[in-house]
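S.K.: Sharing a model that was predicted from the sequence below.
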2 protein chains.
Amino acid sequence: MLPGLPRHAAARLIHAHGTAPAVIEAAREQRLADVGVDLPIVAIAAPFAPRARAVAEATLHWAGQPGNHLLTLNDAAYPPQLKEIADPPVLLHVQGNLALLYGKAIGIVGSRTATQQGKANAGNFARALSEAGFTIVSGLALGIDAAAHLGGMAGPGSTVAVVGTGIDVVYPVSNAALDARVREAGCILSEFALGTPARKQNFPIRNRIISGLSRGVLVVEAAEQSGSLITARLANEQGRDVFAIPGSIHSALAKGCHKLIRDGARLVETAHDILEAFGIGNAYCAEAMFDELTHAADVLLTALSYDPVGADELAARLKLDPADTQASLLALELAGVVERLPGGVFQRLKR
Amino acid sequence: MLPGLPRHAAARLIHAHGTAPAVIEAAREQRLADVGVDLPIVAIAAPFAPRARAVAEATLHWAGQPGNHLLTLNDAAYPPQLKEIADPPVLLHVQGNLALLYGKAIGIVGSRTATQQGKANAGNFARALSEAGFTIVSGLALGIDAAAHLGGMAGPGSTVAVVGTGIDVVYPVSNAALDARVREAGCILSEFALGTPARKQNFPIRNRIISGLSRGVLVVEAAEQSGSLITARLANEQGRDVFAIPGSIHSALAKGCHKLIRDGARLVETAHDILEAFGIGNAYCAEAMFDELTHAADVLLTALSYDPVGADELAARLKLDPADTQASLLALELAGVVERLPGGVFQRLKR
């Protein structure tokens, strides 16, 4: 939060001096380590400028609320795989289930202006990987990101949203309902100071955390010039696997994925392909689950009318397991054939 | 044509002894070279069995007709790139433009049960590569092969059909019109004896000639178990490039292409990608031609009614170049929006 201290210098200074207080101490004594960046030593030596103090106090207050967590680079609870990257965030604001930061995770990203099929693919891959125990990491954007978070929350792996704003900012507003669900059922995370609004340059910076938390990154749909390709490049630099879903040569949103495949990303057709790449393919057959889901979804779709009905009522009517019914409805929602209305009721969409 | 002489032994014997008569001479003197195959020496020593003589005489008669050519492995006119492969045919029956066997060529193959989009892709790639001077080699099957031949004939590169029957057999019968066009405008070729009917086991054998004549092979659409994958494997073994067009992960006919890409085939989105792989991409912009074609085709489609009209009449009516009009009509035919009727007239297809 120090004015003028570049983001990428902070981690290096802490690494050089051991702790944040030691950095400030060193600045005061004019013996700051050379980390290859011109630094505003005065600002670092006198950190309690009124603005920095106000943000720090607000942050500490925020961290005192139930469900909120502040993690510094030196905390034992800092996600170990994120610490490995060249440029780890020095401070993480986390809200929700902290445990999701320590399991096996995969990033799923893609276009904000995704096709219905792309969103369904993102949701299906996310759900299958979540069922296999992977936490789905994405960026809480519209389109592919939203479908990936929903799919992740349909399984035990759940989801982590890494946002490019302050953690107390809801962005985009049209994702407010999803944002609330992720905070409750999953986990949301930001390195930016409280109150930081959406700034174009912060989203690519955020992307390194999505890949940094993950074993690999799946790009579902991406145009030729796309932020998802930045995430894939960062994943590559961090030694993470990159996966991409191919599509028609006539689809603009397949071009980014095709570029990645040509550059060495693994072409995947099913979640099983990803599990196989991680060496856990044989233990788990994603396809079988897909088929099961598809069958259950068919039954539901036949039973659903154009009048809204609750998931539990529908489950009771069809004598189905309520959790399965929820999962199938999610799949149908992602596929764009049913709509979730306020109050948790569903209705079939007119074609 | 000798009874009991395995196909793959013939080329090796000729290689060992220099010429076919020398092989027969050696067999008579019981000093036949060991080519790693158990051989019926008696049959080779006494080749003029009545059946072999009858086929040989019919073949020489066939070769005497205008436009027909017999090429043996030792002929100077034998295609040099085909001679390079491990197992070249010892005898080629060729009908049509012999010159097409010596230029740069690319194989385009794929499913017989192709989608409309797959056929349109095959035709567009073939036409663009033909415009760039490549001869399109394929197998005269229904689906992708047929579209590739048509596309090839729309440009100066033209087309070569390598068939799995005797060259005097038209197979499949539903391709009879295309067969006649290829014999006239392109070139047709077979290693099998005259009169050989369609036999399942001969088609994979034929495939090595498609790749053998070509610098590379493009697979447009192929199921997971597909003869096109055999052609791709043979191309690989022969040191040819393999290209594949990706598609939706939900399309059964993309699975074969995706398998090839995972195994190292180059993912291509345009004919330009192939030219680039051959190091001639910058000299020729396929995309520009596509756009041009598309624009001309749009104009034509608007002008075409559901009443049949001749290409020349249509060209005159729209004040267009007759050759361009033909090309655009071909593209529209491949795209499945117009139909070519007997007598060279076209009509728009009802949706």
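M.R.: That came through fine.

S.K.: Show the model's pLDDT score for the residue in the stretch 101-250 of chain A that chain B sits nearest to.
M.R.: Going by CB to the nearest CB, chain B is nearest to A:P246 of the stretch 101-250 of chain A, at 3.6 Å. C-betas here are computed from N, CA, C, even on glycine. A:P246 is assigned 97 on the pLDDT scale.

S.K.: Tell me which residues touch it, please.
M.R.: A:254, A:257-258, A:261, A:267, A:269, B:246-249, B:254, B:258, B:261, B:267 (CB atoms under 8 Å, 6 or more residues apart in numbering or on different chains).

S.K.: Helix or strand: which one has it?
M.R.: Using DSSP states H and E, A:P246 sits in no helix or strand.

S.K.: The nearest residue to A:S211 once chain neighbours are set aside - how many residues pack around it?
M.R.: Closest residue in space to A:S211, ignoring its immediate chain neighbours: A:A235 at 3.7 Å, by CB to CB, 6 or more residues apart in numbering or on different chains. A:A235 has 27 neighbours, counted by other CB atoms under 10 Å in any protein chain shown.

S.K.: For my notes, confirm A:A235 occurs in a helix.
M.R.: Yes. With DSSP: H, G, I helix; E, B strand; the rest coil as the criterion, A:A235 is part of a helix.

S.K.: can you tell me which residues contact it?
M.R.: Taking CB under 8 Å, 6+ apart as the test, what A:A235 contacts is A:G107, A:S211, A:S214, A:G216, A:V217, A:D241, A:V242.

S.K.: A:G96 pairs with what?
M.R.: Here A:G96 shows beta-bridge partners A:C187, assigned using DSSP bridges.

S.K.: how close does it sit to A:R183?
M.R.: Using CB to CB, to the nearest Å, A:G96 is found at 5 Å from A:R183.

S.K.: circling back: counting neighbours, which of the contacts of A:P246 comes out on top?
M.R.: In terms of neighbours by other CB under 10 Å, the contacts of A:P246 top out with A:C257 at 33 neighbours.

S.K.: Would you confirm that it contacts A:E221?
M.R.: Yes. Here A:C257 reaches A:E221: they are 6.8 Å apart, a contact under CB atoms under 8 Å.

S.K.: For the stretch 201-350 of chain A, which segments count as strands?
M.R.: Ranges of strands within the stretch 201-350 of chain A are A:216-219, A:241-244, A:266-267, A:309-310, A:338-341, A:345-348, based on DSSP state E, counting those that start in this stretch.

S.K.: Around chain B, pick out the residues from the stretch 201-350 of chain A.
M.R.: Proximity of the stretch 201-350 of chain A to chain B, by CB under 8 Å from any CB of the partner chain, involves residues A:245-250, A:254-255, A:258, A:261-262, A:266-270.

S.K.: want to throw the contacts of A:A235 into JSON lines with neighbour count and pLDDT?
M.R.: What follows is those, written out as JSON lines (neighbours: other CB atoms under 10 Å in any protein chain shown; pLDDT from 0 to 100):
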{"residue": "A:G107", "neighbour count": "33", "pLDDT": "98"}
{"residue": "A:S211", "neighbour count": "30", "pLDDT": "97"}
{"residue": "A:S214", "neighbour count": "29", "pLDDT": "97"}
{"residue": "A:G216", "neighbour count": "21", "pLDDT": "97"}
{"residue": "A:V217", "neighbour count": "29", "pLDDT": "98"}
{"residue": "A:D241", "neighbour count": "18", "pLDDT": "97"}
{"residue": "A:V242", "neighbour count": "23", "pLDDT": "98"}
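
S.K.: buried set for stretch A:94-102?
M.R.: Going by neighbour count (16 or more other CB atoms under 10 Å in any protein chain shown), the buried part of stretch A:94-102 is A:V94, A:Q95, A:G96, A:N97, A:L100, A:L101.
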